[in-house]
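Model the following, please.
(one chain, ligands or ions: 1)
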Amino acid sequence: MPKLTAGVVKFQREVYPDRRAMFETLTQGQKPEALFITCSDSRVDPTMVTQTEPGELFICRNAGNIVPPHTTHTGAMTAAIEYAIGALKVPHIVVCGHSQCGAMTGALNPDSLADLPHTHEWLDYARAAVQIVQTRDRELSQEEKLKRLIEENVILQLTHLRSHPYVAQALAEGTVTLRGWVYDIGTGGMHALDESRRAFVPVDELYSDLPDAQPDNLTTSMAKAVRDAAAGPVGPGGGCCTNTGPGQEVT
Ligand SMILES: [Zn+2]
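Model (predicted):
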């Protein structure tokens, strides 16, 4: 039996019975605390690294954690953002890039995408970030350029987010916060964008100084979860329903 299928059986027999009440509560609706936009990369597990439960994150994933700027053309990301903010009223949006990102590697080397025309076209949404890095950081190594691009791409996609009408409205009303994060696959580290310095710093360092950093604040609890995940074994967050882990194939 493929691991994916075996995981579903294990979930039904061992995980679900212990948490039946939570799942039954979820049938009443959802009130996620964040729209979490990240890469499709199988090594990134949003619920594991934030130690969140079903119902707490409204997750959108694509190659390169891209947010196309708003246009009159309807796309999947546009509809998901509209629903998350316009209907679900999520109070936080996180754009989360990650280390060793294949999409950003491709964006930095577009010739390598010659046989992937849709990927090539999709990653054009990151081109402004690529051009910043190729100009500003031209003396750096390819490895360091990739690191800078992953960060610049998060900044660029946050800019694109602000062009979506419901996001713009929520920002004007002060009912939503935007966060830019970069997750390190190898170390479990999470860095967050400090807009005042235009630099990425450890989440606990950045959010500890914020006036809204109350114990029940999502960004604080997520920051704590990220710190705890880096320090020790993870809890029951990731791989809940298929019992798969980050990077494992699900075919
Ligand atoms: Zn990626």
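
and Leu171, what helix or strand is that in?
Using DSSP states H and E, Leu171 sits within helix 165-173.

tell me what that helix is packed against?
Judged by 3 or more Cβ pairs under 8 Å, 6 or more residues apart in numbering; DSSP states H and E, helix 165-173 is in contact with helix 76-82. To be clear about C-beta, it is placed using only N, CA and C from the backbone, and glycine gets the same treatment.

hmm, who's touching the helix it packs on?
35, 37, 58, 60, 62, 66-68, 70-71, 161, 164-167 (Cβ atoms under 8 Å, 6 or more residues apart in numbering).

could you flag which of those are buried?
When those are checked for burial by 16 or more other Cβ atoms under 10 Å, the buried set is 35, 37, 58, 60, 62, 66-68, 70, 161, 164, 166-167.

quick one on the thing from earlier: among the contacts of helix 76-82, list the two that are farthest apart in space.
For the contacts of helix 76-82, the maximum inter-member distance is 22.0 Å, found between Phe58 and Thr71 (Cβ to Cβ).

what ranges of the protein fall below the confidence cut-off?
The chain contains residues with pLDDT under 70 at 209-241, 243, 245, 247-251.

any idea which helix or strand comes after the helix holding Leu171?
Of the helices and strands lying after helix 165-173 in sequence (DSSP H and E), the nearest is strand 177-183.

Just the angle for that next one relative to helix 165-173, thanks.
110 degrees (axes from the mean of the first three to the mean of the last three Cα atoms, to 10 degrees).

Confirm Phe36 sits in a strand?
Yes - the assignment for Phe36 is a strand, going by DSSP: H, G, I helix; E, B strand; the rest coil.

And it, how far from Val94?
Distance, Phe36 to Val94, using Cβ to Cβ, to the nearest Å: 5 Å.

Over to Ile185?
17 Å.

between these two, who's got more neighbours?
Val94 (25 against 17; other Cβ atoms under 10 Å).

Note down every partner strand of whichever strand or helix holds the more buried one and its orientation.
Assigned by DSSP H and E, Val94 belongs to strand 92-98. Using DSSP bridges, strand 92-98 pairs in its sheet with strand 34-39 (parallel), strand 177-183 (parallel).

what residues does that strand touch?
Counting by Cβ under 8 Å, 6+ apart, 33-39, 41, 43-44, 46, 65, 67, 84-85, 104, 150-151, 153-154, 157-158, 161, 167, 176-185, 218-219, 222 sit against strand 92-98.

Rebuild the strands paired with strand 92-98 as a markdown table, extending it with distance to His120.
Shown next, in a markdown table, are these (distance: least, Cβ to Cβ, whole Å):
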| stretch | distance to His120 |
| --- | --- |
| strand 34-39 | 17 |
| strand 177-183 | 23 |
